[in-house]
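Undergrad: Can you look at this prediction? I've put the sequence above it.
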Amino acid sequence: MSPRHAMGPTEATSADTSADARADTRETASTDTIPARGESHVGTLPPLPSWNPLSLWYSDGWTVTKRNLIKIKRSPDMLVFAVIQPIMFVLLFSQVYGGAIAVEGSDYTQFLMAGIFAQTVVFGATFSGAAMALDLKEGIIDRFRSLPMNASAVLIGRTNGDLVLNTISMVIMMATGLAVGWRVNTSPVEFLAGVGLLLLFGYAFSWVMALLGMSVKSPEVINNASFLILFPLTFVSNAFVPSETLPVALRTFAEWNPVSSLVQAVRQLFGNLGTAPVPDIWTMQNPILTVLIGITVMLLVFVPLCIRKFASISSR
């Protein structure tokens, strides 16, 4: 006889009741652990946080920015060589050529430093192009593509890293300028406005160089390609000599050169214009407005172009 048949009516009824209770308990527990959509029950796992697109974009951009800053920290030679070249230009032009270059109404060191600052931020933007070309070659972009992150975060992190590098370079360059006799002759607010204008221009120009870095075939090409752009912009300008001393064709280019407008704006904000007459050209008469227009145009044009180029590379 089976154990079930051996039990009496009371024991059988009790056993059935216990079995039904255990079944009800399992069913209730199963139901309680799976809350309906939009509901929450005590004792269950909390729902995942809801991220809006702006928060995700900011988080991804900041993560890649930290990656680039860590690279600078681990490779201090990158910062050293980024600063040595402008320091050499300061010493070369102010101490070697300064006595041979006459500037009307101003000391040459006061005239020179704004041009060195502008050259520093423009040349510093090349790191974006070189880094993008190197990441493409080493397959870093493919790794980023496999992650659930915003496509523009890589570009934002890269250009933000250049902004930090330019800021550090500017501090060192200004200390060098003070050592050779350069002085600021305006208020602290105007001084900070000049520094901000330099950094904003460098940040906007880094998007131009990032697009160039994604367009070349190898990292080795980016240096030659960038110098074809940087040397005319920085040397055919009013950065090192007054534009009035240049031949007619070069003077026209220099007066409409955005780097010349940046240099003129910084000289104005730092109080280094001297008494020399300002060329009767709209860009030279309104240099701050010209630079702000140039920054806006570069961001509006090259940020979408970079994002589109990056998306086309990632989809290959």
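TA: Yes, it's here. Numbers count the residues shown, from 1 in each chain.

Undergrad: Which stretches in the protein count as helices?
TA: Ranges of helices in the chain, per DSSP state H, are 3-6, 9-32, 53-74, 76-91, 108-124, 126-138, 140-145, 152-179, 188-215, 219-235, 248-255, 258-270, 282-285, 287-314.

Undergrad: Rebuild those helices as a markdown table, extending it with mean pLDDT, distance to residue 241 and mean neighbour count.
TA: (C-beta placed from N, C-alpha, C; glycine too.) What follows is the helices of the chain, written out as a markdown table (pLDDT from 0 to 100; distance: least, CB to CB, whole Å; neighbours: other CB atoms under 10 Å):
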| stretch | mean pLDDT | distance to residue 241 | mean neighbour count |
| --- | --- | --- | --- |
| helix 3-6 | 45 | 109 | 8 |
| helix 9-32 | 46 | 81 | 10 |
| helix 53-74 | 71 | 34 | 14 |
| helix 76-91 | 78 | 13 | 15 |
| helix 108-124 | 90 | 9 | 25 |
| helix 126-138 | 78 | 23 | 22 |
| helix 140-145 | 68 | 42 | 15 |
| helix 152-179 | 84 | 18 | 20 |
| helix 188-215 | 93 | 20 | 21 |
| helix 219-235 | 85 | 9 | 16 |
| helix 248-255 | 93 | 9 | 16 |
| helix 258-270 | 95 | 11 | 26 |
| helix 282-285 | 93 | 15 | 16 |
| helix 287-314 | 91 | 17 | 17 |
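
Undergrad: Just put the ones you listed in a markdown table and tack on distance to residue 101.
TA: Formatted as a markdown table, those follow (distance: least, CB to CB, whole Å):
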| stretch | distance to residue 101 |
| --- | --- |
| helix 3-6 | 111 |
| helix 9-32 | 84 |
| helix 53-74 | 35 |
| helix 76-91 | 13 |
| helix 108-124 | 6 |
| helix 126-138 | 27 |
| helix 140-145 | 45 |
| helix 152-179 | 17 |
| helix 188-215 | 23 |
| helix 219-235 | 14 |
| helix 248-255 | 16 |
| helix 258-270 | 15 |
| helix 282-285 | 20 |
| helix 287-314 | 21 |
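
Undergrad: How far does stretch 68-86 stretch from one end to the other?
TA: 22 Å (CA to CA, to the nearest Å).

Undergrad: Need the residues that contact it.
TA: Applying CB atoms under 8 Å, 6 or more residues apart in numbering, the contact partners of stretch 68-86 are 116, 119-120, 123-124, 127, 131, 157-158, 160-161, 164-165, 168-169, 172-173, 176.

Undergrad: can you check stretch 282-298 too?
TA: The contact list for stretch 282-298, computed with CB under 8 Å, 6+ apart, reads 197, 200-201, 204-205, 207-208, 255-256, 258, 260-262, 264-265, 268-269, 278-279.

Undergrad: Could you export it as CSV, CA atoms only?
TA: Provided in CSV are the C-alpha atoms of stretch 282-298 (Å, rounded to 0.1, in the frame of the first residue of the first chain):
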residue,chain,number,x,y,z
TRP,A,282,37.4,96.0,-41.8
THR,A,283,39.0,92.9,-40.4
MET,A,284,41.8,95.0,-38.8
GLN,A,285,39.4,97.7,-37.5
ASN,A,286,37.1,95.1,-36.0
PRO,A,287,39.4,92.2,-35.1
ILE,A,288,37.5,90.8,-32.1
LEU,A,289,34.2,90.6,-34.0
THR,A,290,36.1,89.1,-37.0
VAL,A,291,37.6,86.4,-34.8
LEU,A,292,34.2,85.6,-33.2
ILE,A,293,32.6,85.2,-36.6
GLY,A,294,35.5,83.0,-37.7
ILE,A,295,35.1,80.8,-34.7
THR,A,296,31.4,80.4,-35.2
VAL,A,297,31.8,79.6,-38.9
MET,A,298,34.5,77.0,-38.2
